[in-house]
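> Next input, structure requested:
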Amino acid sequence: MKQQNEPDIQLEQWNPPVKEWGPVYKAIFRAFGMIWKAGKVETCVLFFLMLIQGLLPVFILYLSKDAINMVIAIADTNDQSFGDAAPLLIALALATVVMQIMEPIFLLVKSVLGDKMRRYVALLVMETANQHPGIAHFEDPKLHDQLQRVRRVEGSSADLVIYAFQAGSDFWALISVAIFLSLFHPLAPPLLMFCALPYALAHYKYANLFGIALQFQAPEARKLDYFRNQFLSHDTAKDVRIFGLHDFFFGKYRRIFTRILSVLWSVRKHEFRTLSLYALFGGAAVCAVYVTLFQQTIRGELSVGELTAYAGAVLVIWTSMSTSLFNFAFMHRTGGFLTHLYDFLKRKPVIKMVPKEFAKPAPYPFQKGIAFRNVSFTYPNTDRKILDRISLNIYPGETVAIVGKNGAGKTTLVKLITRMYDPSDGDIHLDNVPIHHYDLDDLRSQMSVVDQGFLKYQLSAQENIGLGNIDRLSELDHIKAAAEKAGADFINQLPNGYETVLSRQFEDGTELSGGQWQKIALARALTRDAQLLILDEPTAALDVRSEHDIYARFQELTKEKTTVLISHRMSTVRMAERILVLDDGKVIEEGTHEKLMKDNGLYARLYTLQAEHYNV
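Residues are numbered from 1 along each chain as shown. Model (predicted):
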């Protein structure tokens, strides 16, 4: 296998000009609206705490200056007692205590608001994903790269709250302390800020570059998650051990991680060199201010208290400049991910939708049935036609079987009927009305599907079946009736009956066989009183006896329903009233089993081949 080349690191390409920062900051400002919606009370409390936390340092510096001067005066002259300094010392002590207490309070409120923000974003993402009625988006690699970045937003949305309010607090402290230091010399704050600015901006730049580097690595990060999950997933644990795949997946994981780290290490090396240089430049400015302070104190122009307070102010300005821009940089990084979130939220459905107020209710009962009229379909980002100008009818109350070789388009036909996709060309009608004119939720409520890739929920047996009709999830008698029709009598022998969790990953849970799971999936479909029942390989995992039991009751299961049956087992489709044979995206044969056998076409060849295999 050809090994991937190491990434060519071009940091300049990752450093967008200032004019391109607009969308990022629009995203950040929009995020403040999300923070407000996530927790109004916490936002107000944090804003108030931010103001206090920004003012306390200058208040403490001012008090410490006067307190130190007074204590020295008392020690030198003995004209005053220690009690004269007590009010200042008490005020200084209280201000210091308040500042110490403020930090855990600030952290607590930020954490609470951060958790609420994380929940708000997660719910927003889930709600948006659910608003896409089709599945075309979810088969688009670009969407999954976008979702990888969106997941980072979910995780870092709480950090946005922390960085935003911490940056505000640091910035407010910087302004107030700068005003205080200007009492020493009006040029001292601008000098310090000017010399600290390159260091702070470099901090900002590389924090931002680090975030962009992470965004560039989204496809690689998805692969990383995939290969890591091969070791952690119940579904893959057996294959990894039986086929000795540990070294294979471990090697892929390690190589991808190494490529990602090489990109991040390149950013860190540039950051270290640049910050070290600018730190020396800024440190020289701090030393120059200190020398001036010491000289004026020695000449008697400043008191010891003023020296101590102004020296402290110098450090506050330096650290506040750096940390405030550092926090702004992390906000910028999160803002970059937020742009992907907003792009995701702006995605429009790719299937046709009539506005809900104009949509028709699904017909009940079906009068004319389903009609495909010159329908063609090509999956997004591909050229091959899966369906090619198909025209067919499925009449109300009829059982239609669809057969054909793998890749003939059978399952795609089901996806179009259930409106997971729209046709690329042609139209699908239900009762002579274009199918997209019907209210989608109402239309799907009249459909029930047993898909060959049915889901195995790690929930109780009752919930696994009841999810087929969520409105009747709590009606155990209804669920038991569906299970009985599907032949899922084994549920009664489970440790906790219908309350048994169907997964060994949870305490007191149990694991089912493939055939038992298929019966659960069939029962799930039967909980819904739908007019259209679609069975896509409904007995593929069943043993011969169970399959016979299901089909012995087939007439009962499909009574008064329009049924579409897809199966590779030719003996299964014999009971259908009409059989459609698909090949290369086209309907090439149609009729009953007897007619198709007489025609001696593809159906007859497939049936004969399978019958010989089973010696029937």
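> Can you give the domain ranges for the protein?
Per the record, the chain has its domains at 22-345, 452-529, by automatic domain parsing.
> As JSON lines, those domains with distance to Asp425 would be great.
In short, each C-beta sits where N, CA and C put it, glycine included. JSON lines is the format used below for the domains of the chain (distance: least, CB to CB, whole Å):
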{"stretch": "domain 22-345", "distance to Asp425": "16"}
{"stretch": "domain 452-529", "distance to Asp425": "26"}
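> lowest-confidence stretch among the ones you listed?
Note on those: domain 22-345 shows the lowest mean pLDDT, a mean of 79.
> That one: how far from the chain's middle?
How far domain 22-345 lies from its chain's middle: 24 Å, per CA atoms, centre = their mean, to the nearest Å.
> Which secondary structure state does Leu565 sit in?
Counting by DSSP: H, G, I helix; E, B strand; the rest coil, the backbone at Leu565 sits in strand.
> Name the nearest residue to it, sequence neighbours excluded.
Residue nearest to Leu565 in three dimensions, not counting chain neighbours: Ala401, with 4.5 Å by CB to CB, 6 or more residues apart in numbering.
> go on, Lys252?
Closest residue in space to Lys252, ignoring its immediate chain neighbours: Phe227 at 5.0 Å, by CB to CB, 6+ apart.
> returning to what we had before: quickly find the element holding the residue nearest to Leu565.
Assigned by DSSP states H and E, Ala401 belongs to strand 399-404.
> Over to Asn229?
Remark: Asn229 resides in helix 218-232, with elements defined by DSSP H and E.
> Let me know the angle separating the helix or strand that that helix is followed by from helix 218-232.
For helix 218-232, the following helix or strand on the C-terminal side (DSSP H and E) is helix 234-242. Helix 234-242 runs at 70 degrees relative to helix 218-232, counting by axes from the mean of the first three to the mean of the last three CA atoms, to 10 degrees.
> Tell me the helices and strands packed up against the following helix or strand past helix 234-242.
Per DSSP H and E, the first helix or strand lying C-terminal to helix 234-242 is helix 246-298. Applying 3 or more CB pairs under 8 Å, 6 or more residues apart in numbering; DSSP states H and E, one finds that helix 246-298 makes contact with helix 11-14, helix 188-216, helix 218-232, helix 304-345.
> What count of nearby residues applies to the residue nearest to Lys252?
19 (other CB atoms under 10 Å).
> Tell me how far it lies from Trp265.
The spacing between Phe227 and Trp265, counted by CB to CB, to the nearest Å, is 21 Å.
> so who does Ser448 touch?
By CB atoms under 8 Å, 6 or more residues apart in numbering, Ser448 lies in contact with Gly468, Ala525, Leu526, Arg528, Ala530, Leu532, Leu533, Ile534.
> For Glu511, give me its contacts.
Leu502, Ser503, Arg504.
> repeat that with 7 Å
Residues near Glu511 by CB atoms under 7 Å, 6 or more residues apart in numbering: Ser503, Arg504.
> Ala202 now?
Counted by CB under 7 Å, 6+ apart, Ala202 has contacts Thr274, Leu275, Tyr278.
> Next one: the residue nearest the centre of the chain from Ala218, what distance?
In the chain, the residue lying closest to the centroid (CA atoms, centre = their mean) is Arg151, at 3.8 Å. Separation of Arg151 from Ala218 (CB to CB): 10 Å.
> Check Lys205 too.
Counting by CB to CB, the gap between Lys205 and Ala218 amounts to 21 Å.
> ok, back up a step: turn the contacts of Ser448 into TSV, columns for distance to Leu293, neighbour count and secondary structure.
What follows is the contacts of Ser448, written out as TSV (distance: CB to CB, whole Å; neighbours: other CB atoms under 10 Å; DSSP: H, G, I helix; E, B strand; the rest coil):
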residue	distance to Leu293	neighbour count	secondary structure
Gly468	78	23	helix
Ala525	81	25	helix
Leu526	85	24	helix
Arg528	81	20	coil
Ala530	83	19	coil
Leu532	85	23	strand
Leu533	86	21	strand
Ile534	83	22	strand
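> What is the nearest of those residues to Pro434?
Using CB to CB, Leu532 comes nearest to Pro434 of the contacts of Ser448, at 16.8 Å.
> Quickly list what that closest one is bridged to.
Under DSSP bridges, the beta-bridge partners of Leu532 are Met447, Thr562.
> Could I get the contacting residues of it?
By CB under 7 Å, 6+ apart, the contact set of Leu532 is Gln446, Met447, Lys561, Thr562.
> Same list (these) but as CSV, adding pLDDT, distance to Ala73 and neighbour count.
Formatted as CSV, the contacts of Leu532 follow (pLDDT from 0 to 100; distance: CB to CB, whole Å; neighbours: other CB atoms under 10 Å):
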residue, pLDDT, distance to Ala73, neighbour count
Gln446, 92, 91, 20
Met447, 92, 90, 20
Lys561, 88, 98, 18
Thr562, 92, 99, 23
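> Tell me the secondary structure of Gln452, please.
Secondary structure, three-state DSSP: Gln452 is coil.
> gap between the nearest residue to it once chain neighbours are set aside and Lys598?
Leaving aside its sequence neighbours, Gln452 sits nearest to Glu537 (CB to CB, 6+ apart; 4.0 Å). Distance, Glu537 to Lys598, by CB to CB: 27 Å.
> So for those two, which sits in the more crowded spot?
The residue with more neighbours, out of Glu537 and Lys598, is Glu537; 20 against 11, by other CB under 10 Å.
> I'd guessed that one sits against Ile566; true?
Yes. Using CB atoms under 7 Å, Glu537 is in contact with Ile566, at 6.2 Å.
> And the helices in the stretch 51-200 of the chain?
Residue ranges of the helices in the stretch 51-200 of the chain, as given by DSSP state H, counting those that start in this stretch, are 82-130, 141-181, 188-216.
> Out of the ones you listed, which is closest to Gly283?
Ranking these by distance to Gly283, with CB to CB as the measure, places helix 188-216 first at 8.7 Å.
> orientation of the closest one relative to helix 304-345 in degrees?
Taking the same axes, to 10 degrees, one finds helix 188-216 and helix 304-345 inclined to each other by 30 degrees.
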